[in-house]
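Student: model the structure of this input:
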Amino acid sequence: MKSKKILLVQGGTSSEREVSLRSGRACIKALKQLKHKVLVFDPAKEHFSKIKKYKKKVDLIFNALHGRDGEDGVAQSYFEYFKIPYTHSGITSSMNAMDKIISKKMFKKNNLLTPNYIFINSVNFKKKLKKEILKKLNYPLIVKPSNEGSSVGVEICQNFNQLKISVVKLIKNYKTLIIENYISGKEIQVAVINGKSLGAIELQPKRKFYDYEAKYSKSARTKHVMPANISKKKYNEVLKLGKQAHRILNCRGITRSDFKFANNKFYLLEINTQPGMTDLSLVPEISKYVGINFKMLIKKIIDDVSLNR
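Tutor: Here you go, the predicted model:
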């Protein structure tokens, strides 16, 4: 395999910076094992526009960013503008996946089951809150920002008073919130790479739900069950649904779709176009189970680079 010069973009200024840096370290190690030369760019230290200076120095960009600017189409816009081929999904797919309101509408339009929800913003939340919830939703409820990842800002509310407190707190930092029915059931996550489902893993968090701490802290002691403990028929069904979600949003490279399994049905919560690549991350774990080690996973990701994604 020919050695390439790769610009790995990591860090950034989002609430998921530390996770991105951990993903970046793991990916750098694998890329070097694959005999590639790696340069590193951190948008927290230099503006995205400075990527221009690498245009003639690198063959491609490996996007290891998470959260705002990294997986919402912003970074991808710069990669496209400077015409440097890059990994993972393109501008529109990234933007649609990160915006949970848009992605939910797309899921529903394509007959994928997703929890009932409403969205509110800083202008209408006082008027809309009680009226809309009484009509459409049932407690317990999940409140979360419409454009964050890694379960940042997610809260469970058992009654209206808890909901009001959570909304007032979150609306100060986020323009738009989603309020949706909490689905009590198995946490199932599906990895898809280059349009093909790899496998499905079940998560059994010791905490109330699979939040940021449960995802990234070993002390949270979240149990990972691979493959997911469901029937073969249901396992194949959720693999198909993960692949379908990937296709509906026209994603590229690798994605992870998050489901809840309850009442013999799969509810699609969201799709992640920049899944974590840390030592606790799910996509590498799923890949390993199906015979693809971390180094080969990274190779598959960079083999798919392009522009106009």
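Student: use CA for all of it now, contacts and neighbours both
Tutor: Fine.
Student: quick one, domains of the protein?
Tutor: What automatic domain parsing lists as the domains of the chain is 5-88, 97-112+184-303, 117-181.
Student: and for the closest residue to K108 other than its chain neighbours, the neighbour number?
Tutor: Here the nearest residue to K108 in space, its sequence neighbours aside, is T114; by C-alpha to C-alpha, 6 or more residues apart in numbering that works out to 7.1 Å. As a burial measure, the neighbour count of T114 was computed by other C-alpha atoms under 10 Å and equals 20.
Student: and T114, what element?
Tutor: Of the helices and strands defined by DSSP states H and E, none includes T114.
Student: using a markdown table, lay out the domains of the chain together with mean pLDDT, mean neighbour count and distance to R309.
Tutor: A markdown table is the format used below for the domains of the chain (pLDDT from 0 to 100; neighbours: other C-alpha atoms under 10 Å; distance: least, C-alpha to C-alpha, whole Å):
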| stretch | mean pLDDT | mean neighbour count | distance to R309 |
| --- | --- | --- | --- |
| domain 5-88 | 96 | 20 | 8 |
| domain 97-112+184-303 | 90 | 19 | 7 |
| domain 117-181 | 81 | 17 | 21 |
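Student: distance check, the residue nearest to K108 against D99.
Tutor: Separation of T114 from D99 (C-alpha to C-alpha, to the nearest Å) stands at 15 Å.
Student: now P227: how far from K234?
Tutor: With distances taken as C-alpha to C-alpha, P227 is found 12 Å from K234.
Student: isn't the residue nearest to K108 up against K104?
Tutor: Yes. With contacts defined as C-alpha atoms under 8 Å, T114 counts as touching K104 at a distance of 7.0 Å.
Student: K260 against F266, yeah?
Tutor: Yes. Under the criterion of C-alpha under 8 Å, K260 makes contact with F266 at 5.7 Å.
Student: what sits against the residue nearest to K108?
Tutor: T114 makes contact with K104, F107, K108, Y267, L268, L269 under the criterion C-alpha atoms under 8 Å, 6 or more residues apart in numbering.
Student: so which of those belong to helices?
Tutor: Helix and strand membership here follows DSSP state H; of the contacts of T114, those in helices are K104, F107, K108.
Student: tell me where the stretch 1-150 of the chain has helices.
Tutor: Listed in chain order, the helices found in the stretch 1-150 of the chain under DSSP state H, counting those that start in this stretch are 17-33, 74-81, 91-98, 100-109, 125-136.
Student: for the second one, packing partners?
Tutor: When you say that, I think you mean helix 74-81. With contacts defined as 3 or more C-alpha pairs under 8 Å, 6 or more residues apart in numbering; DSSP states H and E, the packing partners of helix 74-81 are helix 91-98.
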